[in-house]
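Student: Sequence first, then the predicted structure, then my questions.
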Amino acid sequence: MEKSSFTLHVAPTAEAVLAALADYFVAQASQAVAARGRFAVALSGGSSPKKLYELLASPAYREQVAWDKTYFFFGDERNVPHTSPDSNYLMAKKALFDPLGIKPGQVFAVDTELAPAEAAAQYGVDVEEFFGEKKARFDLVLLGLGDNAHTASLFPHTPVLHDKTVGVKEAWLPEQQVFRITFTAPLINQARAVAFLVYGEGKAEAVHQILELPRDVDQYPAQLIELPGGQVDWFLDEPAAKALTR
């Protein structure tokens, strides 16, 4: 199998990184709609992507994407109600879906009213049914990176890191005593494009660990993300890239 490569997009500031990723998002959306008539994207949660979503919904970008042909999923979700301030769905709803008037039928949220294992299984079915007979292949998966080198809800030393199934799983985080729902690495790795958004000096060591240290996925889970024969795009500001040696 051909190994994946990565491309670094390093910008001087967080604002410049967000603009570069917004341009990339527009390009991926245009390609997908031209080729397949729709754009299927998996969003990430957290504070960094919120700024990206607000930018995409702003006058500078809102006319550049065929939003009526865009379908939204979540690469991971916290096991909280949709009304909780910790909900990735609620954050995206406020930052992106509501400002753009996205129809509810275009948004696939994790049903967090179910027990975690059931919620994960049902979301896996939702993904399968959306793609039908075809392989579940997202046009774009957006990812963040924790300072402990986790991405999505693939956390260090958790069983899901060794899950070889293409699907969605519940993940128990002992330190936080919470469940999360996450795409497995094999599902992410089927995507046509994957983009990491990482900014701030606090992420510099994790970026170095993922991109430059020997493979140790239990310690550095984001090393699991690789597109066979494709490339993973990393959007970094200079502080996040400062520990890289090349």
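Tutor: All right, it came through fine. Please read these numbers as outputs of a predicted model, since none were measured by experiment.
Student: can you pull the buried residues of whichever helix in the chain runs longest?
Tutor: Ordering each helix of the chain by length in residues (DSSP state H) puts helix 14-36 first. Within helix 14-36, the residues that count as buried by 16 or more other C-beta atoms under 10 Å are 14, 16-22, 24-25, 28-29, 32-33. From N, CA and C alone the C-beta is placed, and that goes for glycine too.
Student: cool, stretch 36-50 as well?
Tutor: Buried residues in stretch 36-50 (16+ other C-beta under 10 Å): 38-45, 48-50.
Student: which stretches of the chain have low pLDDT?
Tutor: 1-4 (pLDDT under 70).
Student: on that earlier part again, relative to Leu244, which of the buried residues of stretch 36-50 is nearest.
Tutor: Of all the buried residues of stretch 36-50, Leu244 sits closest to Ser48, with 18.5 Å by C-beta to C-beta.
Student: On the three-state scheme, the closest one is what?
Tutor: The local conformation at Ser48, judged by DSSP: H, G, I helix; E, B strand; the rest coil, is helix.
Student: Could you check how far it is from Glu133?
Tutor: Counting by C-beta to C-beta, to the nearest Å, the separation of Ser48 from Glu133 is 35 Å.
Student: contact partners of stretch 236-244?
Tutor: For stretch 236-244, contacts defined as C-beta atoms under 8 Å, 6 or more residues apart in numbering pick out 8-14, 16-17, 198-201, 203-205, 207-208, 211-212.
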